[in-house]
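[1] how does the following fold in three dimensions:
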Amino acid sequence: MAGPFSHLRVIDLSRILAAPLAAQNLADLGAEVIKIEKPGKGDDTRVFGPPWMKDREGQETRESAYFLAGNRNKKSITVDIATPQGQAIVRELVARSDILVENYKVGNLARFGLGYGDLKAVNPSLIYCSVTGFGQDGPYAARPGYDFVFQGMGGMMSITGERDGEPGAGPQKVGVPIVDYLTGLYASIALCAAIAHRERTGEGQHIDCALLDTAVAANVTQAISYFCAGEPPGRLGNAHPQVVPYEVFPTLDGHMILAVANDGQFRRFCQVIERPALASDPRFATNSDRVVHRKELLPIIRQVLAGRTKSEWLAALEAVDVACGPINNFKEVFEDPQVRHRGLRVDVPHALGDAPLVANPMRLSATPVEYRHGPPLLGQHTDEVLGDLLGMSEQQIEELRAAAVI
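    Numbering: from 1, shown residues only. From the prediction side, this is the model:
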């Protein structure tokens with residue numbers, strides 16, 4: 001069955017990660033996504049390597065792992081939008097499309113006659129999604145920015161890292177570009193909403209997604225805790241600010257995660273570790289008590305858990321429905337039976353071999369995600385799109401190529 005967005009065509013004028021992920025979500029759900037890249041260079045992430053994808057013979061290509069992450073199911077064409085001919089090509093494509101996704105600095109596309117107002121005149125029902133660092137307005141709107149900057153500015157790094165006074169204390173970023181990922185997801189949701197609105201009314205619109213907005217929104221529980229308490233929260237390492245015990249603990253042969261989310265689990269946990277009196281101790285009887293008295297409780301738990309292996313503890317705690325888990329590296333992640341069962345690695349056909357990708361986590365029973373083809377080579381579909389969609393002749397295409405327009 002065709003995907004839910006198989007009737008839509010998307011022009012992807014984005015690079016790096018946040019906006020490409022939004023376009024990839026539409027592609028996974030069936031949309032035809034045409035990625036427009038700069039001739040001879042392409043998306044910045046094409047050179048974010050090593051590591052590089054391997055071809056059918058096991059040899060390294062120059063296709064970066066980073067580029068593979070956000071560009072499957074797309075077609076790539078090369079167009080120099082700084083040229084009048086390139087701008088004309090984009091306008092012709094927009095006239096035949098439904099959505100445009102871009103992440104240029106505020107005002108840059110308007111300089112080329114490709115801003116929202118310009119392209120709305122070409123296609124009044126166009127949905128135009130802009131992803132920027134700071135949004136389309138405000139005192140910082142013209143500034144550039146990357147995920148790392150927004151993890152700091154948005155407050156995330158002020159609550160991530162070891163407590164002051166602990167070894168290795170200090171602010172830390174998340175190990176993945178989480179603000180990029182989340183902005184891509186918010187943009188995807190906004191695009192779905194705009195598609196639903198247009199299908200009812202025929203009206204397009206401009207979507208304004210900002211990484212700073214997302215970074216602040218991602219801290220929602222801690223931000224509202226600040227509003228209520230009046231004091232900025234600090235770093236707690238792996239601990240939870242409002243739930244105890246809920247962090248990483250050492251065992252006889254490594255570390256494990258313990259996540260006791262309610263009083264019933266805590267009572268069962270105390271039985272398993274053979275310390276039932278802890279559950280009735282007035283300092284620890286409720287989660288609120290445990291939060292207040294975490295400094296007294298945690299050393300007791302650490303001492304007990306250090307006496308047995310993590311596999312012993314995990315088996316015993318899982319048997320009584322106490323949430324816990326290992327800390328896997330990526331080799332262990334993709335060897336995990338549940339991960340394998342869910343098919344979270346997918347190997348998708350690519351021009352040079354099979355591209356190893358991470359599955360889209362959306363599961364739809366009637367219109368499932370499809371992996372039609374891997375991320376494209378730079379300009380792989382230029383002739384196809386210009387010829388089949390815009391009706392250009394081979395001679396016209398070669399003349400544009402000779403003029404470095406494509």
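
[2] how is the chain carved up into domains?
    Domains of the chain are assigned by automatic domain parsing as 9-218+341-402, 246-328.

[3] nearest to Gly3, of the ones you listed?
    domain 9-218+341-402 (2.0 Å; CB to CB). Heads up, the C-betas are built off the backbone N, CA and C, glycines and all.

[4] what is the end-to-end distance of that closest one?
    Across domain 9-218+341-402, the terminal residues are separated by 28 Å (CA to CA, to the nearest Å).

[5] average pLDDT for that domain?
    Across domain 9-218+341-402, the average pLDDT comes to 97.

[6] repeat for stretch 271-279
    The model assigns stretch 271-279 a mean pLDDT of 97.

[7] which helix or strand contains Val75?
    Slight slip there: residue 75 is Lys, not Val. Using DSSP states H and E, Lys75 sits within strand 74-78.

[8] in the helix or strand that that strand is followed by, which residues are buried?
    Sequence-wise, the next helix or strand downstream of strand 74-78 (DSSP H and E) is helix 84-95. Buried residues in helix 84-95, defined by neighbour count with 16 or more other CB atoms under 10 Å: 86-87, 89-94.

[9] check stretch 283-295 too.
    Here stretch 283-295 shows 284, 287, 289-290, 294 as buried, counting by 16+ other CB under 10 Å.

[10] before we move on, the earlier item: and the domains of the chain as JSON lines, adding distance to Arg235?
    Shown next, in JSON lines, are the domains of the chain (distance: least, CB to CB, whole Å):
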{"stretch": "domain 9-218+341-402", "distance to Arg235": "5"}
{"stretch": "domain 246-328", "distance to Arg235": "13"}
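
[11] what's the most buried one of those?
    Comparing these by mean neighbour count (mean count of other CB atoms under 10 Å), domain 9-218+341-402 comes out on top with a mean of 18.

[12] quickly note the distance from Val94 to Asp43.
    20 Å (CB to CB, to the nearest Å).

[13] what about the strands in the stretch 201-350 of the chain?
    205-210, 246-251, 254-259, 324-325, 345-350 (DSSP state E, counting those that start in this stretch).

[14] state the mean pLDDT of the shortest one.
    The predicted model gives strand 324-325 an average pLDDT of 96.

[15] for that strand, enumerate the helices and strands it packs against.
    strand 254-259, helix 310-318 (3 or more CB pairs under 8 Å, 6 or more residues apart in numbering; DSSP states H and E).

[16] if we can go back for a sec, so for Gly234, which of the domains of the chain sits nearest?
    Here domain 9-218+341-402 is closest among those (CB to CB), at 6.9 Å.

[17] name the nearest residue to the residue of the chain positioned farthest from its centre, sequence neighbours excluded.
    Within the chain, the residue lying farthest from the chain centre (CA atoms, centre = their mean) is Ala277, at 44.1 Å. In space, and not counting its chain neighbours, Ala277 is closest to Cys270: 7.7 Å by CB to CB, 6 or more residues apart in numbering.

[18] Ala404 against Pro39, yeah?
    Yes: counting by CB atoms under 8 Å, Ala404 does reach Pro39; the two are 6.2 Å apart.
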